[in-house]
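Asks: Got a predicted structure plus its sequence, pasted below:
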Amino acid sequence: VQLQACGGGQVQPGGSLGLSCTASGFTLEDYAVGWWRQVPGKQREGIGCIGNSDSISRGDKMTNYRDSVEGRFTISRDKTKNTVYLQMNDLRPEDTAVYYCNARYYAMNYWGKGTLVTVSS
């Protein structure tokens, strides 16, 4: 069972970057997936999440975002690739952090290794 986040790098302010979170050993569609980020010396903060297949059945809102990224970041799924994506647009220097993905379903909770995003000119 593994969850892997990748796609980090350096981008200029105002630029875009896409991250992916791919699961192996389990079906990611069954899990709610959250994206988090952490700056050294600060607490990890949640930036958004996407619901699982149960959410679709209930008619719940599928995605939620932190206010500071609302309208700039988009989380989506590709069930065929067992992957969740985080598309980040209009990036700002304060978005610089190590980004993590997290998959959870009841008591099951998996974290991927982080990927560094640096927004700098």
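Replies: Done, it's in. Numbers count the residues shown, from 1 in each chain.

Asks: What is the subsequent helix or strand relative to the lowest-mean-pLDDT helix or strand in the chain?
Replies: None of the helices or strands of the chain scores lower by mean pLDDT, DSSP states H and E than helix 53-58, at a mean of 72. Note on helix 53-58: by DSSP states H and E, the next helix or strand toward the C-terminus is strand 63-65.

Asks: quick one: strands adjacent to that following strand?
Replies: According to DSSP bridges, strand 63-65 forms sheet pairs with strand 45-50 (antiparallel).

Asks: List the buried residues of the strand it pairs with.
Replies: 47, 48, 49, 50 (16 or more other C-beta atoms under 10 Å). (C-beta placed from N, C-alpha, C; glycine too.)

Asks: Near the nearest residue to the first one once chain neighbours are set aside, how many other residues are there?
Replies: Taking C-beta to C-beta, 6 or more residues apart in numbering, and ignoring the residues beside it in sequence, residue 47 has residue 66 as its nearest neighbour in space, at 4.7 Å. By other C-beta atoms under 10 Å, the residues close to residue 66 number 15.

Asks: What distance do you get for residue 66 to residue 54?
Replies: 23 Å (C-beta to C-beta, to the nearest Å).

Asks: okay, and for this protein, where does confidence drop off?
Replies: 56-57, 59-60 (pLDDT under 70).

Asks: contacting residues around the residue nearest to residue 47?
Replies: Residue 66 sits next to 45, 46, 47, 48 when contact means C-beta atoms under 8 Å, 6 or more residues apart in numbering.

Asks: Repeat the analysis, applying 7 Å as the threshold.
Replies: Contact analysis of residue 66 by C-beta atoms under 7 Å, 6 or more residues apart in numbering lists 46, 47, 48.

Asks: now these in CSV, with distance to residue 37?
Replies: Output for those, formatted as CSV (distance: C-beta to C-beta, whole Å):
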residue, distance to residue 37
46, 8
47, 6
48, 10
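
Asks: Tell me how far the closest residue in space to residue 26 that isn't next to it in sequence lies from residue 78.
Replies: Closest residue in space to residue 26, ignoring its immediate chain neighbours: residue 1 at 5.6 Å, by C-beta to C-beta, 6+ apart. For residue 1, the distance to residue 78 equals 19 Å [C-beta to C-beta].
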